[in-house]
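Q: The following comprises the amino acid sequence and a computationally predicted model.
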Amino acid sequence: MTTLEIRDLHVHVAEGSDGTKEILRGVDLTVKAGEIHALMGPNGSGKSTLAYAIAGHPKYEVTRGSVTLDGEDVLGMTVDERARAGLFLAMQYPVEVPGVSVSNFLRSAVTAVRGEAPKLREFSKEMRQAMQALSIDPAFAQRSLNEGFSGGEKKRHEILQLELLKPKVAVLDETDSGLDVDALKVVSEGVNRFGGSGDTGILLITHYTRILRYVKPHFVHVFAGGRVVAEGGPELADELEDQGYEKYLKAGVA
(Lines give C-alpha, C1' and ligand atoms only; values in the text may rest on other atoms or scores of the structure.)
Protein backbone atom coordinates (compact mmCIF):
# COMPACT_ATOMS: atom_id res chain seq x y z
CA MET A 1 0.00 0.00 0.00
CA THR A 2 1.30 3.43 -0.96
CA THR A 3 2.42 5.38 2.12
CA LEU A 4 3.80 8.89 2.54
CA GLU A 5 5.47 9.09 5.93
CA ILE A 6 6.71 12.33 7.50
CA ARG A 7 8.71 12.04 10.70
CA ASP A 8 10.05 14.81 12.98
CA LEU A 9 10.31 17.23 10.06
CA HIS A 10 12.02 20.55 10.81
CA VAL A 11 12.23 23.18 8.08
CA HIS A 12 13.88 26.60 7.90
CA VAL A 13 12.96 29.25 5.35
CA ALA A 14 15.46 31.66 3.84
CA GLU A 15 14.78 35.29 4.75
CA GLY A 16 17.23 37.15 2.53
CA SER A 17 20.20 38.69 4.29
CA ASP A 18 18.64 37.93 7.66
CA GLY A 19 19.45 34.22 7.37
CA THR A 20 16.78 31.61 8.00
CA LYS A 21 13.78 31.16 10.26
CA GLU A 22 12.45 27.86 11.56
CA ILE A 23 8.86 27.33 10.38
CA LEU A 24 8.25 23.60 10.85
CA ARG A 25 9.11 22.27 14.31
CA GLY A 26 8.75 18.50 14.25
CA VAL A 27 5.93 17.42 11.93
CA ASP A 28 4.70 13.81 12.13
CA LEU A 29 2.12 12.71 9.58
CA THR A 30 1.30 9.55 7.61
CA VAL A 31 -0.90 9.44 4.50
CA LYS A 32 -1.84 6.10 2.94
CA ALA A 33 -3.54 5.18 -0.32
CA GLY A 34 -7.31 5.46 -0.10
CA GLU A 35 -7.15 8.08 2.65
CA ILE A 36 -8.12 11.76 2.52
CA HIS A 37 -6.42 13.85 5.20
CA ALA A 38 -7.43 17.44 5.92
CA LEU A 39 -4.64 19.57 7.36
CA MET A 40 -6.25 22.61 8.93
CA GLY A 41 -4.80 25.64 10.63
CA PRO A 42 -4.77 29.44 10.60
CA ASN A 43 -2.74 31.52 8.17
CA GLY A 44 0.94 31.55 9.04
CA SER A 45 0.91 28.22 10.86
CA GLY A 46 3.26 26.56 8.35
CA LYS A 47 0.83 24.51 6.26
CA SER A 48 2.12 25.74 2.89
CA THR A 49 5.71 25.38 4.09
CA LEU A 50 5.01 21.68 4.61
CA ALA A 51 3.67 21.38 1.06
CA TYR A 52 6.67 23.13 -0.48
CA ALA A 53 9.14 21.14 1.61
CA ILE A 54 7.58 17.88 0.41
CA ALA A 55 7.74 19.12 -3.18
CA GLY A 56 11.39 20.18 -2.88
CA HIS A 57 11.22 23.96 -3.20
CA PRO A 58 14.81 25.28 -2.85
CA LYS A 59 13.77 28.10 -0.49
CA TYR A 60 12.83 25.57 2.19
CA GLU A 61 15.71 23.85 3.99
CA VAL A 62 15.03 20.61 5.83
CA THR A 63 17.24 20.62 8.92
CA ARG A 64 15.98 17.47 10.61
CA GLY A 65 13.59 14.58 10.04
CA SER A 66 12.55 12.45 7.10
CA VAL A 67 9.98 12.17 4.33
CA THR A 68 9.57 8.78 2.65
CA LEU A 69 7.26 7.47 -0.06
CA ASP A 70 6.89 3.69 0.03
CA GLY A 71 10.10 3.57 2.02
CA GLU A 72 12.10 5.66 -0.47
CA ASP A 73 13.86 8.82 0.73
CA VAL A 74 11.94 11.73 -0.82
CA LEU A 75 14.34 14.35 0.51
CA GLY A 76 17.17 12.78 -1.47
CA MET A 77 15.26 13.15 -4.73
CA THR A 78 15.31 16.06 -7.17
CA VAL A 79 12.01 17.84 -7.81
CA ASP A 80 11.37 15.94 -11.05
CA GLU A 81 12.29 12.64 -9.39
CA ARG A 82 9.67 13.31 -6.72
CA ALA A 83 7.05 13.84 -9.42
CA ARG A 84 8.03 10.65 -11.22
CA ALA A 85 7.96 8.76 -7.91
CA GLY A 86 4.29 9.71 -7.57
CA LEU A 87 4.12 12.98 -5.61
CA PHE A 88 1.88 15.79 -6.82
CA LEU A 89 1.52 19.34 -5.49
CA ALA A 90 -1.39 21.60 -6.38
CA MET A 91 -0.11 25.06 -5.49
CA GLN A 92 -2.05 27.78 -3.71
CA TYR A 93 -1.03 30.27 -6.40
CA PRO A 94 -0.49 28.46 -9.74
CA VAL A 95 1.99 30.29 -11.97
CA GLU A 96 1.39 31.55 -15.50
CA VAL A 97 3.54 30.16 -18.33
CA PRO A 98 3.07 32.35 -21.42
CA GLY A 99 3.67 30.64 -24.75
CA VAL A 100 3.11 27.09 -23.45
CA SER A 101 -0.34 25.74 -24.23
CA VAL A 102 -2.31 23.76 -21.66
CA SER A 103 -2.37 20.79 -24.03
CA ASN A 104 1.40 20.78 -24.61
CA PHE A 105 2.12 21.25 -20.93
CA LEU A 106 -0.13 18.37 -19.91
CA ARG A 107 1.23 16.00 -22.56
CA SER A 108 4.81 16.85 -21.54
CA ALA A 109 3.98 16.28 -17.87
CA VAL A 110 2.28 12.96 -18.59
CA THR A 111 5.24 11.87 -20.72
CA ALA A 112 7.69 12.72 -17.92
CA VAL A 113 5.70 10.83 -15.29
CA ARG A 114 4.78 7.79 -17.39
CA GLY A 115 8.22 7.49 -18.99
CA GLU A 116 6.93 7.53 -22.56
CA ALA A 117 4.85 9.86 -24.70
CA PRO A 118 1.18 8.86 -24.96
CA LYS A 119 -0.21 8.52 -28.45
CA LEU A 120 -1.60 11.90 -29.45
CA ARG A 121 -5.09 10.64 -30.34
CA GLU A 122 -5.43 8.66 -27.12
CA PHE A 123 -4.12 11.51 -25.00
CA SER A 124 -6.43 14.03 -26.66
CA LYS A 125 -9.41 11.81 -25.89
CA GLU A 126 -8.27 11.31 -22.28
CA MET A 127 -7.77 15.05 -21.83
CA ARG A 128 -11.17 15.95 -23.33
CA GLN A 129 -12.95 13.50 -21.03
CA ALA A 130 -11.16 14.87 -17.97
CA MET A 131 -11.92 18.46 -19.00
CA GLN A 132 -15.58 17.62 -19.52
CA ALA A 133 -15.80 16.08 -16.03
CA LEU A 134 -14.43 19.33 -14.58
CA SER A 135 -16.65 21.59 -16.73
CA ILE A 136 -13.59 23.08 -18.47
CA ASP A 137 -14.16 24.63 -21.89
CA PRO A 138 -12.24 22.51 -24.46
CA ALA A 139 -10.89 25.76 -25.95
CA PHE A 140 -8.70 26.11 -22.86
CA ALA A 141 -6.48 23.33 -24.22
CA GLN A 142 -4.98 25.81 -26.69
CA ARG A 143 -4.56 28.72 -24.27
CA SER A 144 -1.27 29.53 -22.56
CA LEU A 145 -0.95 27.81 -19.20
CA ASN A 146 -2.85 29.80 -16.54
CA GLU A 147 -2.42 33.05 -18.50
CA GLY A 148 -5.51 35.17 -17.94
CA PHE A 149 -7.22 32.35 -16.05
CA SER A 150 -9.54 33.22 -13.18
CA GLY A 151 -8.81 31.75 -9.75
CA GLY A 152 -11.43 29.06 -10.30
CA GLU A 153 -10.08 28.19 -13.74
CA LYS A 154 -6.58 27.78 -12.34
CA LYS A 155 -7.80 25.46 -9.60
CA ARG A 156 -9.83 23.36 -12.03
CA HIS A 157 -6.71 23.02 -14.15
CA GLU A 158 -4.78 21.78 -11.10
CA ILE A 159 -7.36 19.02 -10.62
CA LEU A 160 -7.17 18.29 -14.35
CA GLN A 161 -3.45 17.64 -13.91
CA LEU A 162 -4.24 15.41 -10.94
CA GLU A 163 -6.62 13.27 -12.98
CA LEU A 164 -4.21 12.90 -15.90
CA LEU A 165 -1.01 12.31 -13.92
CA LYS A 166 -2.59 9.88 -11.43
CA PRO A 167 0.00 10.33 -8.66
CA LYS A 168 0.38 8.10 -5.63
CA VAL A 169 0.00 11.01 -3.19
CA ALA A 170 -1.49 14.43 -3.92
CA VAL A 171 -0.82 17.46 -1.72
CA LEU A 172 -3.51 20.07 -2.40
CA ASP A 173 -2.52 23.43 -0.96
CA GLU A 174 -5.48 25.78 -0.39
CA THR A 175 -7.35 24.31 -3.37
CA ASP A 176 -10.50 26.08 -2.18
CA SER A 177 -8.86 29.53 -2.15
CA GLY A 178 -10.68 32.07 -4.31
CA LEU A 179 -13.39 29.70 -5.52
CA ASP A 180 -17.03 30.60 -5.85
CA VAL A 181 -19.62 28.01 -4.80
CA ASP A 182 -20.05 26.48 -8.25
CA ALA A 183 -16.30 26.13 -8.84
CA LEU A 184 -15.84 24.75 -5.32
CA LYS A 185 -18.39 22.01 -6.02
CA VAL A 186 -16.75 21.04 -9.33
CA VAL A 187 -13.25 20.98 -7.84
CA SER A 188 -14.50 18.99 -4.83
CA GLU A 189 -16.14 16.44 -7.12
CA GLY A 190 -12.78 16.03 -8.86
CA VAL A 191 -11.00 15.52 -5.54
CA ASN A 192 -13.60 12.97 -4.43
CA ARG A 193 -13.48 11.17 -7.77
CA PHE A 194 -9.72 10.83 -7.57
CA GLY A 195 -9.51 10.17 -3.84
CA GLY A 196 -12.26 7.60 -4.01
CA SER A 197 -10.26 5.36 -6.33
CA GLY A 198 -8.39 3.82 -3.41
CA ASP A 199 -5.09 4.03 -5.31
CA THR A 200 -3.90 7.36 -3.97
CA GLY A 201 -3.64 9.36 -0.77
CA ILE A 202 -4.68 13.00 -0.52
CA LEU A 203 -3.41 15.66 1.87
CA LEU A 204 -5.85 18.55 1.62
CA ILE A 205 -4.46 21.75 3.17
CA THR A 206 -6.94 24.46 4.12
CA HIS A 207 -7.89 26.90 6.84
CA TYR A 208 -11.58 26.99 5.89
CA THR A 209 -14.10 24.26 6.64
CA ARG A 210 -16.33 25.04 3.64
CA ILE A 211 -14.57 22.61 1.26
CA LEU A 212 -15.17 19.87 3.83
CA ARG A 213 -18.89 20.20 3.15
CA TYR A 214 -18.14 18.54 -0.18
CA VAL A 215 -14.92 16.60 0.46
CA LYS A 216 -15.26 14.23 3.42
CA PRO A 217 -11.87 13.51 5.00
CA HIS A 218 -11.08 10.33 6.87
CA PHE A 219 -8.71 12.22 9.17
CA VAL A 220 -8.41 15.84 10.29
CA HIS A 221 -5.15 17.30 11.63
CA VAL A 222 -4.86 20.69 13.32
CA PHE A 223 -1.66 22.57 12.47
CA ALA A 224 -0.34 25.34 14.70
CA GLY A 225 3.12 26.69 15.42
CA GLY A 226 4.72 24.56 12.73
CA ARG A 227 3.49 21.16 13.86
CA VAL A 228 0.43 18.94 14.23
CA VAL A 229 -1.15 19.68 17.61
CA ALA A 230 -4.39 17.66 17.38
CA GLU A 231 -5.82 14.83 15.29
CA GLY A 232 -9.22 13.26 14.86
CA GLY A 233 -11.97 12.35 12.46
CA PRO A 234 -14.39 14.59 10.53
CA GLU A 235 -15.97 15.70 13.79
CA LEU A 236 -12.81 17.69 14.54
CA ALA A 237 -13.55 19.91 11.53
CA ASP A 238 -17.02 20.56 12.96
CA GLU A 239 -15.45 21.62 16.24
CA LEU A 240 -13.13 24.03 14.41
CA GLU A 241 -16.13 25.50 12.59
CA ASP A 242 -17.82 26.20 15.91
CA GLN A 243 -14.88 27.17 18.12
CA GLY A 244 -12.04 28.27 15.84
CA TYR A 245 -8.33 27.69 16.37
CA GLU A 246 -7.74 29.66 19.57
CA LYS A 247 -7.15 26.78 21.95
CA TYR A 248 -4.88 25.05 19.47
CA LEU A 249 -2.78 28.17 18.95
CA LYS A 250 -1.81 27.93 22.62
CA ALA A 251 -0.76 24.32 22.10
CA GLY A 252 1.29 25.33 19.07
CA VAL A 253 3.51 27.67 21.05
CA ALA A 254 3.89 25.34 24.02
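A: Perfect, I can see it now.

Q: quick one: Ala133 and Val191 touch, right?
A: No. Taking contacts as C-beta atoms under 8 Å, Ala133 lies outside contact range of Val191: 12.0 Å. Heads up, the C-betas are built off the backbone N, CA and C, glycines and all.

Q: Could you check which of these two has the larger neighbour count?
A: Set Ala133 next to Val191 and count neighbours by other C-beta atoms under 10 Å: Val191 wins out with 23 against 15.

Q: Could you pull up the residues touching Gln142?
A: Ser101, Val102, Ser103 (C-beta atoms under 8 Å, 6 or more residues apart in numbering).

Q: What about those residues, which one has the most neighbours?
A: Val102 (24 neighbours).

Q: Check the spacing between that residue and Glu122 real quick.
A: Counting by C-beta to C-beta, to the nearest Å, the gap from Val102 to Glu122 is 17 Å.

Q: Which members of the contacts of Gln142 are positioned in helices?
A: Val102, Ser103 (DSSP state H).

Q: from the contacts of Gln142, which is closest to Phe140?
A: Val102 (5.6 Å; C-beta to C-beta).

Q: I'd assumed Arg143 was in contact with that closest one.
A: Yes. Assessed by C-beta under 8 Å, Val102 is found in contact with Arg143 at 5.9 Å.

Q: for the strand or helix carrying Leu162, packing partners?
A: Element membership for Leu162, per DSSP states H and E: helix 151-165. Contact analysis of helix 151-165 by 3 or more C-beta pairs under 8 Å, 6 or more residues apart in numbering; DSSP states H and E lists strand 87-90, helix 102-114, helix 120-133, helix 181-195 as its packing neighbours.

Q: out of those, nearest to Pro217?
A: Nearest of these (C-beta to C-beta): helix 181-195, 9.1 Å.

Q: now for the closest one, which elements pack on it?
A: Short answer (3+ C-beta pairs under 8 Å, 6+ apart): helix 181-195 packs on helix 120-133, helix 151-165, strand 201-206.

Q: one more time with 6 Å
A: helix 151-165 (3 or more C-beta pairs under 6 Å, 6 or more residues apart in numbering; DSSP states H and E).

Q: got the angle for the helix it packs on vs helix 181-195?
A: 10 degrees (axes from the mean of the first three to the mean of the last three C-alpha atoms, to 10 degrees).

Q: Would you indicate which residues of the helix or strand just after helix 151-165 are buried?
A: Downstream of helix 151-165, the next assigned helix or strand under DSSP H and E is strand 169-173. For strand 169-173, a neighbour-count test (16 or more other C-beta atoms under 10 Å) marks Val169, Ala170, Val171, Leu172, Asp173 as buried.

Q: Quick one: residues contacting the second one.
A: The neighbours of Ala170, taking C-beta atoms under 6 Å, 6 or more residues apart in numbering as the test, are Phe88, Leu162, Ile202.

Q: in terms of contact, does the last one touch Gly195 like I think?
A: If I follow you right, that is Ile202. Yes. Counting by C-beta atoms under 6 Å, Ile202 touches Gly195, with 4.6 Å between them.

Q: Give me the common contacts of these two.
A: With C-beta under 6 Å, 6+ apart as the test, Ile202 and Gly195 both reach Ile36.

Q: Neighbour count for these two, which is higher?
A: Ile202 (28 against 25).

Q: pLDDT wise, what is the more buried one at?
A: Here the pLDDT value assigned to Ile202 is 95.
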